[in-house]
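Novice: Pasted the sequence and its predicted model underneath.
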Amino acid sequence: METKHVSRFSPINLIIISLFYFKCNINHEPLTIPENNQLDKVEVQVRETIKKMSDLILKNPNDVQRWANYAMTLDVHDFTLEAIIAYQKAESLDENNFRWPFFQAIALQSLGDEKNLELYRKSIKINDGYTPIYNLYGKALYEYGYIDSSTVYFLKAIQKFPCSPTALNHLAKTYLIENQLELADSILIKMKECGRAGKTYYTLLSDLSRKKGNATLSMDLATKANNMLAPKNIMYNPIYDQVTDMGVSSAWYRYRAQKYFNNQVYEKAIKEYTELIKIKPLPIDHFNLGLAYNKIGQLKMAENHYKICLNMNPNYADALKKLAEIFRDKGDLKKYYFYLNEYGKVITEAVN
């Protein structure tokens, strides 16, 4: 989330990472801590959390959960190489837990390191029942050009989760590239049955129609695809939520709050937004917190946060509209017309 190391969480493509080592009293294991010039780039609560966790490890360097929490915290805040070292220590203390090689594999894949393939295989050997491993391993194999092997693992994924969008998309693309049109057609039928008939589906169906010689239909399908929104690039991976849940930056609180809100888990959204506004509140955060309270019927709390939002940005139209609705439902017509009028002014100014 912050601008630091190369990772899947940050837009930076290259940064030199320097590591600072401490030695633990037991087993001489290295405790890898980001350098101060890197920690200075993150929010204060992130620095304090990393320091606190490293101190706990120094007190008990054989506590696997402390190493795991430290690794996940480093990982989610983009200290990827340091996180990998901590995952390795967690793995050495807990060899039968597939999460540690699995999380290492994801981190290494984000860095473009082909060693991730070995770690995915290791994870599968420990736990062959977790479907997202097959998708991620298949995706990694595909990226490194092992197309046939990737197909094997995507097929295993849909055996476990028949409507896996990642597996279905990759299988359809692979079969189209290899001109295995009947197989591609069967996968596209499955995508539609699974309710996956979105932009990717119509793009692939357009390509299939073109390869079958139906240019007119192909153009029509391509036009339909172009008019649809691009799908969100989200892969189902609930175990990895353990990593994202360790995020203590404002960006991660905002991410989790919105995720919970979108899933209609409003109480958890409120908890995340409440922590967020203690750190780095924006008008939209107070508005969304008000909206979450609104959803569970706590109108006074909703009203308070809509008003705070307006104190920060008096032209926040949605907050004015929501306050108008609250006072309308209360029967307070004076305040209803006041906020409705203010809302109209803001909308008019925006249009002009």
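Specialist: Cool, got the structure. Everything quoted here is computed from the prediction, not taken from an experiment. Residues are numbered from 1 along each chain as shown.
Novice: how many other residues sit next to the spatially closest residue to Asn127 that is not a sequence neighbour?
Specialist: Sequence neighbours aside, Phe98 is the residue nearest to Asn127 in space, at 3.9 Å (criterion: C-beta to C-beta, 6 or more residues apart in numbering). Glycine gets a C-beta too; all of them are placed from N, C-alpha and C. The number of residues packed near Phe98 is 20, by other C-beta atoms under 10 Å.
Novice: From Tyr120, how far off is Phe98?
Specialist: Between Phe98 and Tyr120 the computed distance is 10 Å (C-beta to C-beta, to the nearest Å).
Novice: Which residues are in contact with the residue nearest to Asn127?
Specialist: Ser123, Ile124, Ile126, Asn127, Tyr130, Ile133 (C-beta atoms under 8 Å, 6 or more residues apart in numbering).
Novice: Show the buried residues in those residues.
Specialist: Buried members of the contacts of Phe98, counted by 16 or more other C-beta atoms under 10 Å: Ser123, Ile124, Ile126, Tyr130, Ile133.
Novice: Closest to Ala107 out of those residues?
Specialist: Set against Ala107, the nearest of those by C-beta to C-beta is Ser123 (12.6 Å).
Novice: which ones are touching that closest one?
Specialist: Phe98, Pro101, Phe102, Ala105, Tyr130, Ile133.
Novice: Confirm that Leu31 sits in a strand.
Specialist: Yes. Judged by DSSP: H, G, I helix; E, B strand; the rest coil, Leu31 forms part of a strand.
Novice: let's have the chain start at 23 instead
Specialist: Sure, I'll start counting at 23 from here, so that last one is Leu53.
Novice: who's it bridged to?
Specialist: Counting by DSSP bridges, Leu53 is bridged to Phe44.
Novice: domain ranges for the protein?
Specialist: Residue ranges for the domains of the chain, per automatic domain parsing: 23-148, 151-270, 278-373.
Novice: Let me have these in a markdown table, adding mean pLDDT as columns.
Specialist: Converted to a markdown table, these look like this (pLDDT from 0 to 100):
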| stretch | mean pLDDT |
| --- | --- |
| domain 23-148 | 81 |
| domain 151-270 | 92 |
| domain 278-373 | 95 |
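Novice: Let me know the closest of the contacts of Ser145 to Arg350.
Specialist: Set against Arg350, the nearest of those by C-beta to C-beta is Tyr152 (49.8 Å).
Novice: what sits against that closest one?
Specialist: Phe120, Phe124, Ser145, Ile261.
Novice: contacting residues around the last one?
Specialist: By that I understand Ile261. Contacts of Ile261 (C-beta under 8 Å, 6+ apart): Arg121, Phe124, Tyr152, Pro154.
Novice: and it, helix, strand or coil?
Specialist: helix.
Novice: How much space separates it from Ser76?
Specialist: Distance from Ile261 to Ser76, by C-beta to C-beta: 24 Å.
Novice: same thing with the third one?
Specialist: Plainly put, Ser145 is 26 Å away from Ser76 if you go by C-beta to C-beta.
Novice: now swap in the second one and tell me
Specialist: Using C-beta to C-beta, we find Phe124 at a distance of 23 Å from Ser76.
Novice: Same drill for the two, tell me which one is more crowded.
Specialist: A side-by-side neighbour count of Phe124 and Ser76, using other C-beta under 10 Å, places Phe124 first with 27 against 19.
Novice: Tell me if that one really is in a helix.
Specialist: Yes. The assignment for Phe124 (three-state DSSP) places it in a helix.
Novice: and Ala253, which of the three is it?
Specialist: Ala isn't right for residue 253; it's Pro. Applying three-state DSSP: Pro253 is coil.
Novice: Quick check, it in contact with Tyr223.
Specialist: No. Between Pro253 and Tyr223 there is no contact under C-beta atoms under 8 Å: 9.3 Å.
Novice: So these two - more neighbours on which side?
Specialist: Applying other C-beta under 10 Å to Pro253 and Tyr223 shows that Tyr223 carries more neighbours, namely 24 against 13.
Novice: And the closest residue to the more buried one other than its chain neighbours, which helix or strand is it part of?
Specialist: Excluding its sequence neighbours, the residue lying closest to Tyr223 (C-beta to C-beta, 6+ apart) is Met213, at 5.1 Å. Met213 is part of helix 203-215, with elements assigned from DSSP states H and E.
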